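S.K.: No sequence on hand, only this structure:
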């Protein structure tokens, strides 16, 4: 029987990777561009910091819920329709953020924007996995997912503030943000193909299978474990992302310029980590990569909490923490979730791991960390983040190995309840 190795289209693999990597980068850009623009928005719309937290949180929760639901839908109706519609949707909604005249209006726009981005995420990761040769699946999904960190946490502040130099106001910055997404959506219409359900990930299966059911995800050991591990990873990186600016200014007493320099390490470290860890896992295996990454992230975050007010050392250490912690998100929601999925449920598995992690990491964990900071001191939020990473070590030790190079030609994950 022919498998993907006999007729794989490398040119299509590259085109799909480039377009969907750029698309996911725009997801990050549109999501995080609000942060550097918020000081101006506060003045014009009479907003406060608590409302900023609500605007970020509502998008995370909407993203997570929709990722779970739309991952399953894309397994049923295909990837292309959802990818094109969701990309047009979040691009236009990002633009509409510039015309919102009140907090409630902006909150509603951000919520619907989260639904669109949540639809795009699992569907795009599944599409990259389907277009990829099995031996490159981890690396390709890592390249795609790393663009969120690079453009959202690395370049978004630079792009937004530089656009303010040439555009009349923050309203126009949001307005022009739709253009790249609309262009990429046009290329997706021309380029992307529809594939039969899991015909690439499970192409070795030559039998008729029953219609997949969503609750089959809970019968897959690695889907459940990847979801739990994503909780742990996001408890680390989202708490760091949310609390780090205040930790550096209020506890270490750095000035704003040095704070910005240190915090930028999150984006750039996550960018490289998402590529390196997923690609490395193609060779040494998913499980050892996950375990080692949780260990290194926890150790370096512990060291970070004891460095003191040295911006250079803080940057280097936070870069390493983000390299492993954000890189873990790409590994868990990319190749591990893809290979753990029951037949016909690839995007559903990705949606489950990323969506549930988004709800907890983007909503619950920062809220808990905020309580800790308010009642015990902001420095103890790092203890909370370290605790999440340590729990991740235990969870990832129980993962089953699924990397094609490590498990031979067998790509199907042995189901274990």
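M.R.: Happy to help now that I have it. Everything numeric in this text was worked out from a predicted model, so none of it was measured.
S.K.: Show the secondary-structure elements that the host helix or strand of residue 142 is packed against.
M.R.: Per DSSP states H and E: residue 142 is located in helix 137-147. Under the contact definition 3 or more C-beta pairs under 8 Å, 6 or more residues apart in numbering; DSSP states H and E, helix 137-147 sits against helix 10-32, helix 103-131, helix 256-284, helix 311-331, helix 337-340. For glycine as for every other residue, the C-beta is placed from the backbone atoms N, C-alpha and C.
S.K.: Buried ones in the second one, by neighbour count?
M.R.: Think helix 103-131. By 16 or more other C-beta atoms under 10 Å, the buried positions in helix 103-131 come out as 103, 106-107, 109-131.
S.K.: Which strands and helices lie in contact with it?
M.R.: If you count contacts as 3+ C-beta pairs under 8 Å, 6+ apart, helix 103-131 packs onto helix 10-32, helix 34-45, helix 49-77, helix 80-96, helix 137-147, helix 337-340, helix 346-359.
S.K.: Show me how far that helix is from its chain's centre.
M.R.: Here the centre of helix 103-131 is set off from its chain's centre by 11 Å, with C-alpha atoms, centre = their mean, to the nearest Å.
S.K.: right, and the helices and strands packed on helix 137-147 - which one's nearest residue 180?
M.R.: helix 10-32 (5.7 Å; C-beta to C-beta).
S.K.: quick one on the thing from earlier: any idea which of the helices and strands packed on helix 137-147 gets closest to residue 73?
M.R.: Ranking the helices and strands packed on helix 137-147 by their distance to residue 73 (criterion: C-beta to C-beta) puts helix 103-131 first, at 8.3 Å.
S.K.: tell me the angle that closest one makes with helix 80-96.
M.R.: 150 degrees (axes from the mean of the first three to the mean of the last three C-alpha atoms, to 10 degrees).
S.K.: Make 878 the first number, not 1, from now on.
M.R.: Okay, using 878 as the starting number, the last item reads as helix 980-1008.
S.K.: Now helix 980-1008: average pLDDT?
M.R.: Averaging pLDDT along helix 980-1008 gives 88.
S.K.: and if you look at stretch 1174-1186?
M.R.: Stretch 1174-1186 shows an average pLDDT of 93 in the prediction.
S.K.: which residues are in contact with it?
M.R.: 1110, 1113, 1117, 1129-1131, 1190-1191, 1194-1195, 1197-1198, 1201-1202, 1205, 1256, 1259-1260, 1262-1263, 1266-1267, 1269-1270 (C-beta atoms under 8 Å, 6 or more residues apart in numbering).
S.K.: Would you list the buried entries among the residues you listed?
M.R.: Among the contacts of stretch 1174-1186, those classed as buried by 16+ other C-beta under 10 Å are 1110, 1113, 1117, 1129, 1131, 1191, 1194-1195, 1197-1198, 1201-1202, 1205, 1259, 1262-1263, 1266-1267, 1269-1270.
S.K.: For the helix holding residue 1019, which outside residues touch it?
M.R.: Here helix 1014-1024 makes contact (C-beta under 8 Å, 6+ apart) with 890, 894, 897-899, 901-902, 905, 1001-1002, 1005-1006, 1008-1009, 1147-1156, 1158-1159, 1163, 1204, 1206-1208, 1210-1212, 1215-1216, 1280-1281.
S.K.: repeat for stretch 1136-1144
M.R.: Stretch 1136-1144 has contacts (C-beta under 8 Å, 6+ apart) with 1026-1027, 1029-1032, 1034, 1114, 1117-1118, 1121-1122, 1125-1126, 1131, 1188, 1191-1193, 1195-1196, 1199, 1203.
S.K.: Could you report the neighbour count for residue 920?
M.R.: Residue 920: 10 surrounding residues under other C-beta atoms under 10 Å.
S.K.: now it: how far from residue 1142?
M.R.: Separation of residue 920 from residue 1142 (C-beta to C-beta, to the nearest Å) stands at 29 Å.
S.K.: Let me see the ranges of the helices in the stretch 978-1127 of the chain.
M.R.: When assigned using DSSP state H, counting those that start in this stretch, the helices of the stretch 978-1127 of the chain occupy the ranges 980-1008, 1014-1024, 1033-1043, 1047-1053, 1055-1068, 1098-1123.
S.K.: Residue 935: which of the ones you listed is closest?
M.R.: Smallest distance to residue 935 across the helices of the stretch 978-1127 of the chain (C-beta to C-beta): 4.9 Å, for helix 980-1008.
S.K.: Now do the closest one against helix 1188-1208: the angle between them, please.
M.R.: Using the same axes, to 10 degrees: helix 980-1008 against helix 1188-1208 is 60 degrees.
S.K.: and residue 925, what does it touch?
M.R.: By C-beta under 8 Å, 6+ apart, the neighbours of residue 925 are residue 919.
S.K.: Make JSON lines out of the helices and strands packed on helix 980-1008 and add mean pLDDT.
M.R.: Listed next are those as JSON lines, based on pLDDT from 0 to 100:
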{"stretch": "helix 887-909", "mean pLDDT": "89"}
{"stretch": "helix 911-922", "mean pLDDT": "78"}
{"stretch": "helix 926-954", "mean pLDDT": "78"}
{"stretch": "helix 957-973", "mean pLDDT": "91"}
{"stretch": "helix 1014-1024", "mean pLDDT": "79"}
{"stretch": "helix 1214-1217", "mean pLDDT": "77"}
{"stretch": "helix 1223-1236", "mean pLDDT": "77"}
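S.K.: Determine which of the ones you listed approaches residue 1275 most closely.
M.R.: Among these, if distance is taken as C-beta to C-beta, the winner is helix 1214-1217, at 12.5 Å.
S.K.: Quick one: distance of that closest one to the chain centre.
M.R.: 16 Å.
S.K.: so what does it touch, helix or strand wise?
M.R.: Using 3+ C-beta pairs under 8 Å, 6+ apart: helix 1214-1217 touches helix 980-1008, helix 1014-1024, helix 1098-1123, helix 1223-1236.
S.K.: Residue 1047 is nearest to which of those helices?
M.R.: Residue 1047 lies closest to helix 980-1008 among these, at 11.9 Å (C-beta to C-beta).
S.K.: what angle separates the closest one from helix 1223-1236?
M.R.: Orientation note: helix 980-1008 sits at an angle of 140 degrees relative to helix 1223-1236 (the same axes, to 10 degrees).
S.K.: Just confirm residue 986 contacts residue 972, I think it does.
M.R.: No: Residue 986 lies out of contact with residue 972 (C-beta atoms under 8 Å); the separation is 9.7 Å.
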